[in-house]
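Trainee: the sequence isn't on hand, but the structure is:
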Ligand SMILES: Cc1ncc(COP(=O)(O)O)c(C=O)c1O
């Protein structure tokens, strides 16, 4: 190319959750029976969509041609009014339909938010991080993502004092991101931490983003939505259909913008997101039309309760399986469907191994681990030895060594067996 056509932030675009698939596919082609434990898609893991939800969608598809059309740029008005009314009934920051903006999934919302955020304005996010945020934020600024720690020794609660110090010392920080309930730790932010974060935002004139895509999948702790603690601070909640319906293929997520008019610059920023969506025309129509019918259905609350109770049972099995294992720290997840295991300081070395029967697989793994961070090294050995594919925390913008696994497996025997094999793998690896 006669000019450099690569965006300066291109090297920041990494997605460990799917990158590991390339190695998994390669090992599978070499005969290793791969068990995918990396992707957060309930449907891929066999979750069934309730029949009554399918009927709502079928009815729209067969009897309402509007579901095939474009929707207004911000989203279907009836749906936005429905959401605003529901939120206003909960109290807290109030919404109108004008304050809601639909996207093609939150993946689209996240990309768009950072694409149109001023390149010198930074958003401080959690570590470990969900890579879509950390990559998009880093790419927009052409600099490593700025983070605050979630602390495994404190049940993954954030260190609010660290946030305060970072915000005070770095004037480029313009927003604070929380993911509540969190991916990858499964933690639910305590009210005190949330109020602390909002107070920092208020004092330093920042906005707060709260990703609440898992807010209806909670089985421990008290999930406090951002709208309840904002105290006049400009904020954005990210919500979506992917996880709870579950319907990730619908590509339907939305932003709820609170206290939009409290700050002229924030309001201008939000307008830029609406303008960007206008250039794209609109987001997916069918799921937006289905949303009020699904959420108002008498069986929806019961559906959510059942889903949360299934994850709760599996969270208990996770804790029972991993607590006795030496060399690691675990916490019971309280929401979403992830759990993270952290290796204690100093337990990992670059000489540990797991038995690998096939010589070609062993050669490939030896090659791969040469440059890998210590937790990824374990992940590669585990994958070659057992076929189980996990996501290393070092791939989630974290200085902690560990891994994330999901609570998505439907079959309890398979789930228990998978956890057991990972637990045995850790013990074997650390002793090798
Ligand atoms: C915290 C979080 N936000 C957003 C997303 C993306 O969701 P969507 O399917 O709406 O793009 C995910 C998906 O795993 C997620 O874990």
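Mentor: Everything's here; your move. All of these numbers come straight from a predicted model, not from anything done at the bench.
Trainee: how about the residues of this structure by the ligand?
Mentor: With C-beta under 6 Å from any ligand atom as the criterion, the chain meets the ligand at residues 40, 105-107, 130, 179, 183, 211, 213, 240, 242, 248, 253. From N, CA and C alone the C-beta is placed, and that goes for glycine too.
Trainee: can you give me the buried ones in stretch 263-282?
Mentor: By neighbour count, and taking 16 or more other C-beta atoms under 10 Å as the criterion, the buried residues in stretch 263-282 are 263, 266, 269, 270, 273, 277, 282.
Trainee: turn the residues you listed into TSV, including secondary structure.
Mentor: Rendered in TSV, the data for those read as follows (DSSP: H, G, I helix; E, B strand; the rest coil):
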residue	secondary structure
263	coil
266	helix
269	helix
270	helix
273	helix
277	helix
282	coil
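Trainee: TSV for these, including pLDDT?
Mentor: Formatted as TSV, the entries for these read as follows, by pLDDT from 0 to 100:
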residue	pLDDT
263	97
266	97
269	97
270	97
273	96
277	94
282	95
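Trainee: make a markdown table out of these and add distance to residue 50.
Mentor: Supplementary listing: these in a markdown table, determined by distance: C-beta to C-beta, whole Å:
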| residue | distance to residue 50 |
| --- | --- |
| 263 | 42 |
| 266 | 39 |
| 269 | 38 |
| 270 | 35 |
| 273 | 33 |
| 277 | 30 |
| 282 | 28 |
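Trainee: in the protein, spot the helix with the most residues.
Mentor: In the chain, with assignment by DSSP state H, the single longest helix is helix 300-322.
Trainee: what's that one in contact with?
Mentor: Residues from elsewhere that reach helix 300-322, judged by C-beta atoms under 8 Å, 6 or more residues apart in numbering: 50, 53, 186, 216-220, 244, 294, 328, 330, 332-334, 337, 339, 341, 405, 407, 409, 412, 415-416, 419-420, 423.
Trainee: show me which of those residues are buried.
Mentor: In the contacts of helix 300-322, burial by neighbour count holds for 50, 53, 186, 216-220, 244, 294, 328, 330, 332-334, 337, 339, 341, 405, 407, 409, 415-416, 419, 423, counting by 16+ other C-beta under 10 Å.
Trainee: among those residues, which are in strands?
Mentor: Judged by DSSP state E, these include 328, 330, 339, 341, 405 as members of strands.
Trainee: surely the last one meets residue 333?
Mentor: No. Under the contact definition of C-beta atoms under 8 Å, residue 405 does not touch residue 333, with a separation of 10.2 Å.
Trainee: where is pLDDT lowest across the residues of the chain next to the ligand?
Mentor: Ranked by pLDDT, these bottom out at residue 40 (85).
Trainee: buried set for the lowest-mean-pLDDT helix or strand in the chain?
Mentor: Among the helical and strand segments of the chain, the one scoring lowest on mean pLDDT, DSSP states H and E is helix 16-29, with a mean of 83. Along helix 16-29, these residues count as buried under the neighbour rule (16+ other C-beta under 10 Å): 16, 17, 20, 21, 23, 24, 27, 28.
Trainee: would you say residue 126 is within a helix?
Mentor: No. Under three-state DSSP, residue 126 falls outside any helix and is assigned strand.
Trainee: how deep is it tucked in, by neighbour count?
Mentor: When neighbours are defined as other C-beta atoms under 10 Å, residue 126 has 30 of them.
Trainee: name the nearest residue to the residue nearest in space to the middle of the chain, sequence neighbours excluded.
Mentor: Central residue of the chain (C-alpha atoms, centre = their mean): residue 183, 4.2 Å from the mean position. Excluding the flanking residues, the one nearest residue 183 by C-beta to C-beta, 6 or more residues apart in numbering is residue 130, at 4.7 Å.
Trainee: quick one: contacts for the one you found?
Mentor: Residue 130 neighbours (C-beta under 8 Å, 6+ apart): 179, 183, 184, 211, 396.
Trainee: what residues are up against the residue in the stretch 151-300 of the chain that the ligand sits nearest to?
Mentor: Minimum separation of the stretch 151-300 of the chain from the ligand (C-beta to the nearest ligand atom) falls at residue 242, amounting to 3.4 Å. Residues in contact with residue 242 (C-beta under 8 Å, 6+ apart) are 105, 106, 213, 248, 250, 252, 253.
Trainee: with neighbour count and distance to residue 153 added, can I get those residues in a markdown table?
Mentor: Conversion of the contacts of residue 242 to a markdown table gives the following (neighbours: other C-beta atoms under 10 Å; distance: C-beta to C-beta, whole Å):
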| residue | neighbour count | distance to residue 153 |
| --- | --- | --- |
| 105 | 23 | 34 |
| 106 | 26 | 30 |
| 213 | 25 | 26 |
| 248 | 20 | 33 |
| 250 | 20 | 38 |
| 252 | 28 | 37 |
| 253 | 27 | 33 |
